[in-house]
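# Okay, structure incoming, though there's no sequence with it:
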């Protein structure tokens, strides 16, 4: 009889333990095996970026725009050669959904012009970080590398009258259409080696979600000076970079800053519209 009582006691203990592990919703106990403190809902993944693909870069620039940026193209009389210059050269890439670019190099009677455009679609591999946030970080690094100067104090300027041909920082107000039929020599002048204050490197408004412009003139030397104008902007998870360079054929001639900036900004607007379309 003692052995039977022992077995019955063990059975009763097991039954009590099992009852304690199978609580119902009525007594507030967990019903799905989740850990205490677990809300039972998964953390929502960060939003993907707007863009899944990229445009074809060499076909993204209109011929009239290339005529303005690369004045040597209209000078070419051979139609087949001229068409080849319009086509540009695609940059080497292993994933056209992530990064594409195109280059042009054209000689004219007055200068040699280079144009490079680059599209980068940024993708975040961290489910807690959105593609847009990752693209913001990429663009911030580009802006830091550009080493833009601090904005000038414009309080004194705002109190006076503005020159009619003075551009503003807002892209929509700073651009004037370039004349494709203008003489190539108009893109370079014998101006001083300094960039006017209102054409200094700066952040831009009304271009994508954020944008900046950089303008660098090569240091003095025995050869003609080269000016490089860079415009970069971000739209959602795509970062676009435009690099426009000009080196005059004549020593002592300095490429015109305003003209080159206007041309590069016109192209930037064109590419932004292509992405928006």
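Nice, thanks for sending it over. Quick caveat, the model's predicted, so the values are computed rather than measured. Numbering: from 1, shown residues only.
# Am I right that residue 125 is in a helix?
No. Counting by DSSP: H, G, I helix; E, B strand; the rest coil, residue 125 is not part of a helix but coil.
# what about the closest residue in space to residue 128 that isn't next to it in sequence, neighbour count?
Closest residue to residue 128 apart from its sequence neighbours, by C-beta to C-beta, 6 or more residues apart in numbering: residue 46 at 5.9 Å. Where you see a C-beta, it was placed from the backbone N, CA and C, and this is true even at glycine. Residue 46 has 16 neighbours, counted by other C-beta atoms under 10 Å.
# How about residue 132?
Neighbours around residue 132, by other C-beta under 10 Å: 20.
# about what we covered before: can you verify my assumption that the residue nearest to residue 128 contacts residue 134?
No. Residue 46 lies out of contact with residue 134 (C-beta atoms under 8 Å); the separation is 9.1 Å.
# Spit out the residues that contact these two alike.
124, 126 (C-beta atoms under 8 Å, 6 or more residues apart in numbering).
# Just the helices from the stretch 101-250 of the chain, written as ranges.
Ranges of helices in the stretch 101-250 of the chain, per DSSP state H, counting those that start in this stretch, are 131-146, 155-159, 171-174.
# Can you flag the weakest of those helices by average pLDDT?
Note on the helices of the stretch 101-250 of the chain: helix 171-174 shows the lowest mean pLDDT, a mean of 42.
# and residue 255, what is it in contact with?
So residue 255 contacts 111, 187, 188, 217, 225, 226, 227, 246, 247, 248 (C-beta under 8 Å, 6+ apart).
# right, and the fourth one touches residue 245 too?
Just to be clear, that refers to residue 217. No. Counting by C-beta under 8 Å, residue 217 does not reach residue 245; the two are 10.9 Å apart.
# Now the common contact residues for those two.
226, 227, 228.
# ok, the first one - contacts?
Same thing as residue 226. Residue 226 makes contacts with 217, 218, 245, 246, 247, 255, as judged by C-beta under 8 Å, 6+ apart.
# Let me know the pLDDT of it.
Residue 226 carries a pLDDT value of 93.
# Next, find the distance separating it from residue 136.
Look at residue 226 and residue 136: by C-beta to C-beta, to the nearest Å, they are 31 Å apart.
# The last one now?
Spatial separation of residue 228 from residue 136 under the definition C-beta to C-beta is 25 Å.
# where in the stretch 151-277 of the chain is pLDDT low?
For the stretch 151-277 of the chain, applying pLDDT under 70 flags the ranges 151-195, 219-222.
# just the strands in the stretch 101-250 of the chain please.
111-121, 188-189, 202-204, 210-217, 227-235, 238-248 (DSSP state E, counting those that start in this stretch).
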